[in-house]
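[1] coordinates only, sequence not included:
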Ligand code: SUG
């Protein structure tokens, strides 16, 4: 049974804004309170997904969450006889809470969940765990609805195993596939799962960042590997370097990207540096009989700060070595005096797996620290599983045109922090999302009640 990798891209929600909610994510803090353009954000991100689909790579969309999350405001004691009244009260009693409840952060679906294809699990089911995202309140609000969405899209429990987000608070802090990479020599498996974490809760004296938070714990990735029933020889753990986290690398996908047998990674990514990569390579060889193509980027070639600013490592990789891979990079890379020449040089080297570099303009999302890879989640499914998937989510030309028109009809082109108190925004968003469920042929999902 042939497996394919489907990229699910998050549809940017109508409340996209810059609230500076993510300490440790330099772009988010730097752009706090700037004026956002939700329409442009949604169009940029959808255009990126369409670029991928147009080139023949399987591409789907993942619906947004309804915001403001009135259920959360109520859960935190904001009263009101109507949802509009709750928003007005929240704006007065706790503007920060309203900002958290209004974030469109679910667009970064790389953080939505971690999935393991059925060819890599002991029970032969495809496993999904929604991330608890418990290190930031606005992101924690995503987990319960992500679980609902996954159960609506992949309902057959004989084929799909949708876990609940990991419980356990700080010790089990989990940020999803942004810290997970599946490497393989053939999509049909077996795959080697690289899980990256920022700190261990049980090993209290282990290395930790001092300036910014480490969002993923060792304990959470160990739990994921066990729950997903991945055989022992098919996973490997690596700890992020505290220095990288303190320089703004808040997820592994800001410093490394892998596809099939290729891993592009910065030399400052991991505590154990080259030893971590050597271990990975040995495991890969034992599993597949092939070498891992490791492309290590030196700090003198691209300093960490430039890697974070341009998001080179948040590029997406497509295809295989035989036909040559495609790197879809943020437009910021094309303008960088470090990254642009480095990419030219890499592509001209004989034996490198890349055949082409393309660029995507995702500036609206980038200003919140979200590049091409943050906006997508890779789901590896065989043909039967693909047929079991509900909804009209696979992106083709017609759906692209319908979604573009839908965005243009419903989304504002300016949204500042003060606009979040406007009750009309709630009504607009709900109308838009109701229509979206019809376009995507999904059951009525909104408004979410917890
Ligand atoms: O969690 N930004 C997100 C960006 C997530 C990027 N994802 C990956 N690297 N995979 C975050 O830091 C900012 C929201 C604001 O400030 O309004 C924010 O949540």
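    Structure's in. What do you need? Here the structure is a predicted model, which is why all the values come from computation and not from measurement.

[2] what does stretch 226-238 contact?
    Contact partners of stretch 226-238, identified using C-beta atoms under 8 Å, 6 or more residues apart in numbering, comprise 114, 116, 120-123, 127, 129, 163, 190-197, 218, 221-222, 225, 269-272, 276, 279-280, 283, 286-287. The way it works is simple: take the backbone N, C-alpha and C, and place the C-beta from them, glycine included.

[3] write out the residues of this protein neighbouring the ligand.
    18-22, 25, 28, 103, 105, 108, 110-111, 139, 178, 250-251, 253-254, 368-370, 374 (C-beta under 6 Å from any ligand atom).

[4] buried ones among these?
    18-22, 25, 28, 103, 105, 108, 110-111, 139, 178, 250-251, 253-254, 368-370, 374 (16 or more other C-beta atoms under 10 Å).

[5] let's see which of these end up in helices.
    Counted as lying in helices by DSSP state H, out of those, are 28, 139.

[6] the buried ones among the residues of the chain next to the ligand in strands, which ones?
    Among these, DSSP state E puts none in strands.

[7] which residue is the nearest non-sequential neighbour of the residue in the stretch 151-300 of the chain that the ligand sits nearest to?
    Proximity of the stretch 151-300 of the chain to the ligand (C-beta to the nearest ligand atom) peaks at residue 178, 3.3 Å away. Distances taken as C-beta to C-beta, 6 or more residues apart in numbering put residue 251 closest to residue 178, at 3.8 Å, once the chain neighbours are dropped.

[8] so how many other residues sit close to residue 408?
    Look at residue 408: counted by other C-beta atoms under 10 Å, it has 12 neighbours.

[9] ditto for residue 243
    So residue 243, with other C-beta under 10 Å, has 15 neighbours.

[10] work out for me the element it sits within.
    helix 242-246 (DSSP states H and E).

[11] what's in contact with that helix?
    Residues contacting helix 242-246 (C-beta under 8 Å, 6+ apart): 24, 198, 207-214, 255, 266, 268-269, 271, 304.

[12] in strands, which of the residues you listed appear?
    Per DSSP E, the subset of the contacts of helix 242-246 in strands is residue 266.

[13] among the contacts of helix 242-246, name the buried ones.
    Judged by 16+ other C-beta under 10 Å, buried ones among the contacts of helix 242-246: 24, 198, 207-209, 212-214, 255, 266, 268-269, 271, 304.

[14] let's have these in TSV, adding distance to residue 433 and pLDDT.
    Below are the buried ones among the contacts of helix 242-246 laid out as TSV (distance: C-beta to C-beta, whole Å; pLDDT from 0 to 100):
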residue	distance to residue 433	pLDDT
24	30	98
198	34	98
207	43	96
208	40	96
209	37	98
212	33	98
213	31	98
214	34	98
255	34	98
266	38	98
268	41	98
269	38	98
271	42	98
304	39	98
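
[15] which of those sits closest to residue 417?
    residue 24 (20.6 Å; C-beta to C-beta).

[16] OK, contacts around that closest one?
    Residue 24 touches 211, 212, 213, 215, 245, 248, 250, counting by C-beta under 8 Å, 6+ apart.

[17] which non-adjacent residue is nearest it?
    Per C-beta to C-beta, 6+ apart, closest to residue 24 is residue 212, 3.4 Å.

[18] next one: phi and psi at the one you found?
    Main-chain dihedrals, residue 212, degrees, to the nearest 10: phi -120, psi 160.

[19] doesn't residue 240 make contact with it?
    No. If you go by C-beta atoms under 8 Å, residue 212 and residue 240 don't touch, sitting 10.9 Å apart.

[20] any regions of the chain where pLDDT drops low?
    1 (pLDDT under 70).

[21] residue 325 and the ligand, how far apart?
    20 Å (C-beta to the nearest ligand atom, to the nearest Å).

[22] could you tell me how many residues sit around that residue?
    22.

[23] so what's it up against?
    259, 260, 262, 317, 318, 319, 353, 354, 355.

[24] quick one on the thing from earlier: what's near enough to touch the residue nearest to residue 24?
    Residue 212 touches 23, 24, 245, 246, 248, 250, counting by C-beta under 8 Å, 6+ apart.

[25] the nearest residue to the fourth one once chain neighbours are set aside and residue 241, how far apart?
    Across the structure, with C-beta to C-beta, 6+ apart as the measure, the residue nearest residue 246 apart from its sequence neighbours is residue 211 (4.1 Å). Spatial separation of residue 211 from residue 241 under the definition C-beta to C-beta, to the nearest Å is 13 Å.

[26] residues contacting the residue nearest to residue 246?
    Counting by C-beta under 8 Å, 6+ apart, the residues that residue 211 touches are 24, 245, 246.

[27] residue 213 versus the last one, what's the distance?
    Yep, that's residue 246 we're talking about. 10 Å.

[28] please enumerate the helices of the stretch 151-300 of the chain.
    Assigned by DSSP state H, counting those that start in this stretch, the helices in the stretch 151-300 of the chain fall at 218-227, 242-246, 274-288.

[29] output these as JSON lines; include the columns distance to residue 158.
    Below are those laid out as JSON lines (distance: least, C-beta to C-beta, whole Å):
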{"stretch": "helix 218-227", "distance to residue 158": "18"}
{"stretch": "helix 242-246", "distance to residue 158": "40"}
{"stretch": "helix 274-288", "distance to residue 158": "27"}
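
[30] how about whatever residue of the stretch 301-450 of the chain ends up closest to the ligand: what's its closest non-neighbour residue?
    Nearest residue of the stretch 301-450 of the chain to the ligand: residue 374, at 3.3 Å (C-beta to the nearest ligand atom). Leaving aside its chain neighbours, residue 374 sits nearest to residue 108 (4.3 Å; criterion: C-beta to C-beta, 6+ apart).

[31] if I pick the one you found, what's in contact with it?
    Here residue 108 is in contact with 10, 178, 365, 370, 374, 375 (criterion: C-beta under 8 Å, 6+ apart).

[32] try it again with 10 Å
    10, 12, 45, 133, 139, 142, 175-176, 178, 251, 253, 365, 368-371, 373-377 (C-beta atoms under 10 Å, 6 or more residues apart in numbering).
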